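Peer 1: got a structure for you, letters missing:
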(Lines give C-alpha, C1' and ligand atoms only; values in the text may rest on other atoms or scores of the structure.)
Protein backbone atom coordinates (compact mmCIF):
# COMPACT_ATOMS: atom_id res chain seq x y z
CA UNK A 1 0.00 0.00 0.00
CA UNK A 2 2.80 2.44 0.82
CA UNK A 3 4.34 2.10 -2.65
CA UNK A 4 0.92 2.57 -4.24
CA UNK A 5 0.34 5.71 -2.18
CA UNK A 6 3.80 7.05 -3.01
CA UNK A 7 3.21 6.33 -6.71
CA UNK A 8 -0.11 8.19 -6.56
CA UNK A 9 1.48 11.18 -4.79
CA UNK A 10 4.28 11.17 -7.34
CA UNK A 11 1.80 11.15 -10.22
CA UNK A 12 -0.15 14.00 -8.66
CA UNK A 13 3.04 15.97 -8.06
CA UNK A 14 4.13 15.58 -11.67
CA UNK A 15 0.69 16.72 -12.85
CA UNK A 16 0.86 19.68 -10.46
CA UNK A 17 4.29 20.74 -11.71
CA UNK A 18 3.05 20.55 -15.30
CA UNK A 19 0.03 22.70 -14.47
CA UNK A 20 2.13 25.33 -12.70
CA UNK A 21 4.60 25.40 -15.59
CA UNK A 22 1.72 25.85 -18.05
CA UNK A 23 0.32 28.77 -16.05
CA UNK A 24 2.81 31.15 -17.60
CA UNK A 25 3.99 32.28 -14.18
CA UNK A 26 7.69 33.16 -13.93
CA UNK A 27 9.16 30.32 -11.90
CA UNK A 28 12.81 31.08 -12.65
CA UNK A 29 13.48 32.26 -9.07
CA UNK A 30 10.70 30.47 -7.19
CA UNK A 31 12.52 28.52 -4.48
CA UNK A 32 9.28 26.90 -3.28
CA UNK A 33 8.78 25.47 -6.77
CA UNK A 34 12.42 24.33 -6.69
CA UNK A 35 11.75 22.52 -3.41
CA UNK A 36 8.79 20.75 -5.03
CA UNK A 37 10.79 19.67 -8.09
CA UNK A 38 13.60 18.51 -5.79
CA UNK A 39 11.23 16.29 -3.80
CA UNK A 40 9.72 14.86 -6.98
CA UNK A 41 13.20 14.10 -8.28
CA UNK A 42 14.02 12.27 -5.05
CA UNK A 43 10.85 10.19 -5.34
CA UNK A 44 11.48 9.42 -9.01
CA UNK A 45 14.97 8.28 -8.13
CA UNK A 46 13.59 6.07 -5.34
CA UNK A 47 11.27 4.45 -7.90
CA UNK A 48 14.21 3.78 -10.21
CA UNK A 49 13.19 6.42 -12.75
CA UNK A 50 16.67 7.91 -12.83
CA UNK A 51 16.50 9.79 -16.14
CA UNK A 52 13.19 11.39 -15.17
CA UNK A 53 14.70 12.28 -11.78
CA UNK A 54 17.54 14.08 -13.55
CA UNK A 55 14.99 16.17 -15.49
CA UNK A 56 13.46 17.40 -12.24
CA UNK A 57 16.85 17.95 -10.61
CA UNK A 58 17.78 20.08 -13.64
CA UNK A 59 14.68 22.21 -13.07
CA UNK A 60 15.63 22.55 -9.42
CA UNK A 61 19.23 23.43 -10.19
CA UNK A 62 18.29 26.11 -12.74
CA UNK A 63 16.08 27.86 -10.20
CA UNK A 64 18.58 27.54 -7.36
CA UNK A 65 21.45 28.88 -9.43
CA UNK A 66 19.40 31.91 -10.43
CA UNK A 67 17.63 32.57 -7.13
CA UNK A 68 20.25 31.50 -4.60
CA UNK A 69 23.48 31.47 -6.57
CA UNK A 70 26.00 28.81 -7.47
CA UNK A 71 27.64 28.98 -4.03
CA UNK A 72 24.56 28.20 -1.92
CA UNK A 73 24.37 25.01 0.14
CA UNK A 74 20.98 24.10 -1.39
CA UNK A 75 22.65 24.19 -4.80
CA UNK A 76 25.35 21.89 -3.42
CA UNK A 77 22.69 19.49 -2.14
CA UNK A 78 21.15 19.31 -5.61
CA UNK A 79 24.53 18.65 -7.22
CA UNK A 80 25.12 15.88 -4.68
CA UNK A 81 21.71 14.32 -5.34
CA UNK A 82 22.33 14.45 -9.08
CA UNK A 83 25.69 12.76 -8.55
CA UNK A 84 23.93 9.89 -6.80
CA UNK A 85 21.61 9.50 -9.80
CA UNK A 86 24.53 9.57 -12.22
CA UNK A 87 26.20 6.85 -10.17
CA UNK A 88 22.98 4.79 -10.33
CA UNK A 89 23.17 5.17 -14.11
CA UNK A 90 26.82 3.96 -14.04
CA UNK A 91 28.05 7.37 -15.20
CA UNK A 92 30.79 7.59 -12.60
CA UNK A 93 32.70 10.36 -14.35
CA UNK A 94 29.64 12.64 -14.23
CA UNK A 95 28.90 11.53 -10.66
CA UNK A 96 32.42 12.46 -9.60
CA UNK A 97 32.17 15.83 -11.37
CA UNK A 98 28.93 16.70 -9.57
CA UNK A 99 30.19 15.45 -6.19
CA UNK A 100 33.27 17.63 -6.56
CA UNK A 101 31.07 20.64 -7.38
CA UNK A 102 28.97 19.95 -4.29
CA UNK A 103 32.04 19.63 -2.08
CA UNK A 104 33.62 22.83 -3.42
CA UNK A 105 30.40 24.77 -2.75
CA UNK A 106 30.06 23.33 0.75
CA UNK A 107 33.65 24.18 1.60
CA UNK A 108 33.25 27.70 0.27
CA UNK A 109 29.92 28.28 2.02
CA UNK A 110 30.59 26.47 5.29
CA UNK A 111 34.34 26.33 5.61
CA UNK A 112 36.55 23.29 6.00
CA UNK A 113 35.29 22.34 9.47
CA UNK A 114 31.73 21.18 8.71
CA UNK A 115 32.51 17.49 8.44
CA UNK A 116 28.89 16.53 9.08
CA UNK A 117 27.79 18.19 5.82
CA UNK A 118 30.81 17.15 3.80
CA UNK A 119 31.15 13.53 4.91
CA UNK A 120 28.35 12.31 2.67
CA UNK A 121 29.82 13.99 -0.41
CA UNK A 122 33.32 12.74 0.42
CA UNK A 123 31.97 9.20 0.75
CA UNK A 124 30.29 9.51 -2.66
CA UNK A 125 33.54 10.78 -4.19
CA UNK A 126 35.41 7.80 -2.73
CA UNK A 127 32.83 5.40 -4.19
CA UNK A 128 33.21 6.98 -7.64
CA UNK A 129 36.97 6.75 -7.49
CA UNK A 130 36.94 3.13 -6.32
CA UNK A 131 34.64 1.81 -9.08
CA UNK A 132 37.53 0.61 -11.26
CA UNK A 133 38.88 -1.39 -8.32
CA UNK A 134 35.59 -2.74 -6.96
CA UNK A 135 33.99 -3.38 -10.33
CA UNK A 136 30.60 -1.73 -9.74
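Peer 2: Nice, thanks for sending it over. The model shown is predicted, which means the values in this text are computed figures rather than measured ones.
Peer 1: just the helices in the protein please.
Peer 2: Taking DSSP state H as the criterion, the chain carries its helices at 2-22, 31-46, 50-67, 73-88, 92-110, 115-134.
Peer 1: Deepest-packed of those helices, please.
Peer 2: Among these, the stretch with the highest mean neighbour count (mean count of other CB atoms under 10 Å) is helix 73-88, at a mean of 22. Just so you know, the C-beta spots here come from the backbone N, C-alpha and C atoms, and that holds for glycine as well.
Peer 1: ok, and what's touching that one?
Peer 2: Residues lying outside helix 73-88 but in contact with it, judged by CB atoms under 8 Å, 6 or more residues apart in numbering, are 31, 34, 38, 41-42, 45, 50, 53-54, 57, 60-61, 64-65, 68-69, 92, 94-99, 101-103, 105-106, 109-110, 117, 120-121, 124, 127-128.
Peer 1: circling back to that earlier point, among the helices of the chain, show the one with the smallest mean pLDDT.
Peer 2: The weakest mean pLDDT among the helices of the chain belongs to helix 115-134, with a mean of 55.
Peer 1: Please give me every residue in contact with the closest residue to residue 83 other than its chain neighbours.
Peer 2: Distances taken as CB to CB, 6 or more residues apart in numbering place residue 98 nearest to residue 83, at 3.7 Å, with adjacent residues excluded. Contacts were defined as CB under 8 Å, 6+ apart; by that measure residue 98 touches 79, 80, 82, 83, 86.
Peer 1: ok, the residues you listed vs residue 24, which is closest?
Peer 2: Using CB to CB, residue 82 comes nearest to residue 24 of those, at 27.7 Å.
Peer 1: Run a quick neighbour tally on residue 112.
Peer 2: Residues contacting residue 112 under the criterion other CB atoms under 10 Å number 9.
Peer 1: what's near enough to touch it?
Peer 2: The contact partners of residue 112, taken as CB under 8 Å, 6+ apart, number zero.
Peer 1: what's the spacing between it and residue 73?
Peer 2: Here residue 112 is placed at a distance of 14 Å from residue 73 (CB to CB, to the nearest Å).
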